[in-house]
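Participant: sequence first, predicted coordinates after that:
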Amino acid sequence: MEVTNEIRAKVLIEALPYLKRFYGKTIVIKYGGHAMVSEELKEAFAQDIVLMKYVGLRPVLVHGGGPQISEVMAKMGIKPVFIEGQRVTDEATMSVVEMVLVGTVNKSIVGLLNRHGGRAVGLSGRDGQLVVAEKMKIYRYSGEDRPPEIIDIGRVGKVKKINPEVIETLMEKGFLPVIAPVGVGPDGEAYNINADLVAGAIAGALKAEKVIYLTDVEGVKDENGQLISTLSISQVGQLIEKGIAKGGMIPKLKSARKALRAGAQKAHIIDGRVPHAILLEIFTDQGVGTEIVSDFGTPGIQGAETQMI
Ligand SMILES: Nc1ncnc2c1ncn2[C@@H]1O[C@H](COP(=O)(O)OP(=O)(O)O)[C@@H](O)[C@H]1O
Ligand SMILES: CC(=O)N[C@@H](CCC(=O)OP(=O)(O)O)C(=O)O
């Protein structure tokens, strides 16, 4: 198709209401390890983030790196094990996690963004006590008259508190924070935290306009494999309880629900394999993936879902 000047102008004008609406607003983006595939996609991703920043939005990036951790573990002869989407993390695994997330993945994203003029600064949740962690226990429902089974998954954390001052200070000075999901425990020790949970907690603490999870599926699918375009937080429990949302989708949905309850406006789960997925979501009428919205006043559907506490 020939791109005429008329089409070029139309595309820019279509973005105008979104530019006005989101000017000065904080957008938290979770960049999943599965979305960091080709060089071409990484470049498109970096352009989107830097463009957002230059048109006056305040992006904050939280990245994952699960597949990259598993790859290094495999080379070391350690077999990755996941329970409810959480990596079982013993001491040896924790060293690999921190080395890969903070030492390799974080630095390469910072480098990529800075090549595009992003003024990115890399941090882990240990810097400035940004992400205070406590040990996560997994409680599994084991029948009506029985106490829940407690599963110990090692040095895996959940977010206890976010101290956002360090990222606020960086953003005020025009820097772009890029955060690796490693938290700090009460004795200064490192905790491995699922990046979705960190992104949601940061979005909640910053009362972000949006939290966007970039992943490797179109969005959340229903029991028939059809894309759900809008989901309210009261439907999240049921999707998990019925086993429709499984594995890595569970922490995304729970974290989105938590972010919205804490004051973030909206969450989106979108396909990071689509070039410029973020721009399409924020600046066009079409919207992509699944949006998750609040429905205060509607009681949540509670069930016997496995709880990550
Ligand atoms: N209901 C669902 N809809 C869409 N994806 C789902 C659903 N349930 C489970 N998933 C799985 O969740 C995965 C995304 O989570 P994950 O692998 O952790 O990605 P990331 O590394 O991007 O965080 C998808 O690839 C898909 O296999
Ligand atoms: C506890 C836990 O599972 N932590 C994750 C942290 C990285 C992550 O979340 O990466 P993705 O977003 O790419 O999946 C892990 O070890 O894989």
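Facilitator: On my side now, so go ahead. Numbering: from 1, shown residues only. Ligands and ions are numbered 1, 2, ... in the order given.

Participant: excluding chain neighbours, what is closest to residue 184?
Facilitator: Spatial nearest neighbour of residue 184, excluding adjacent residues (Cβ to Cβ, 6 or more residues apart in numbering): residue 126 at 4.5 Å. To be clear about C-beta, it is placed using only N, CA and C from the backbone, and glycine gets the same treatment.

Participant: quick one: that neighbour from residue 133, how far?
Facilitator: 9 Å (Cβ to Cβ, to the nearest Å).

Participant: overlap of the contact sets of those two?
Facilitator: Shared contacts of residue 126 and residue 133 (Cβ atoms under 8 Å, 6 or more residues apart in numbering): 183, 184.

Participant: so the two - more neighbours on which side?
Facilitator: Applying other Cβ atoms under 10 Å to residue 126 and residue 133 shows that residue 133 carries more neighbours, namely 27 against 21.

Participant: help me confirm that that one is found in a strand?
Facilitator: Yes. Applying DSSP: H, G, I helix; E, B strand; the rest coil, one finds residue 133 inside a strand.

Participant: OK, contacts around it?
Facilitator: Counting by Cβ under 8 Å, 6+ apart, residue 133 makes contact with 125, 157, 158, 159, 160, 183, 184, 185, 191, 193.

Participant: tell me which strands and helices the host helix or strand of residue 53 is in contact with?
Facilitator: Residue 53 is part of helix 39-54 when elements are defined by DSSP states H and E. The elements that helix 39-54 packs onto, with contact taken as 3 or more Cβ pairs under 8 Å, 6 or more residues apart in numbering; DSSP states H and E, are strand 26-31, strand 58-63, helix 106-115, helix 277-283.

Participant: how far away from the center of its chain is the helix or strand where residue 267 lies?
Facilitator: Using DSSP H and E, residue 267 sits in strand 266-271. In terms of Cα atoms, centre = their mean, to the nearest Å, the centre of strand 266-271 is found 9 Å from the chain centre.

Participant: likewise for stretch 106-116?
Facilitator: For stretch 106-116, the distance to the chain centre is 18 Å (Cα atoms, centre = their mean).

Participant: and that stretch, which residues are buried?
Facilitator: For stretch 106-116, burial by neighbour count (16 or more other Cβ atoms under 10 Å) applies to 106, 108, 109, 110, 112, 113, 114, 116.

Participant: swap in stretch 242-251?
Facilitator: Applying 16+ other Cβ under 10 Å to stretch 242-251 flags 244, 245, 248, 249, 250, 251 as buried.

Participant: ok, so of the buried residues of stretch 106-116, who is nearest ligand 1?
Facilitator: Among the buried residues of stretch 106-116, residue 109 lies closest to ligand 1 (Cβ to the nearest ligand atom), at 14.2 Å.

Participant: turn the contacts of residue 133 into TSV, columns for secondary structure, neighbour count and distance to residue 257.
Facilitator: Output for the contacts of residue 133, formatted as TSV (DSSP: H, G, I helix; E, B strand; the rest coil; neighbours: other Cβ atoms under 10 Å; distance: Cβ to Cβ, whole Å):
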residue	secondary structure	neighbour count	distance to residue 257
125	coil	29	21
157	strand	27	19
158	strand	20	14
159	strand	25	14
160	strand	16	18
183	strand	28	20
184	strand	22	24
185	coil	16	25
191	strand	28	21
193	coil	28	17
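
Participant: and which of those is nearest residue 144?
Facilitator: Nearest to residue 144 out of those is residue 158 (Cβ to Cβ; 26.3 Å).

Participant: so residue 81 touches residue 89, yeah?
Facilitator: No. At 9.4 Å, residue 81 does not count as touching residue 89 under the criterion of Cβ atoms under 8 Å.

Participant: looking at the two, which is more packed in?
Facilitator: Legend: neighbour count by other Cβ under 10 Å for residue 81 and residue 89, higher for residue 89 (24 against 13).

Participant: and the more buried one, bridged to which residues?
Facilitator: residue 154 (DSSP bridges).

Participant: now do the contacts for it.
Facilitator: 97, 153, 154, 155, 156, 192.

Participant: returning to that earlier point: now the helices and strands packed on helix 39-54 in CSV, please, with extra columns for distance to ligand 1 and mean pLDDT.
Facilitator: Output for these, formatted as CSV (distance: least, Cβ to the nearest ligand atom, whole Å; pLDDT from 0 to 100):
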stretch, distance to ligand 1, mean pLDDT
strand 26-31, 7, 98
strand 58-63, 10, 98
helix 106-115, 14, 97
helix 277-283, 12, 93
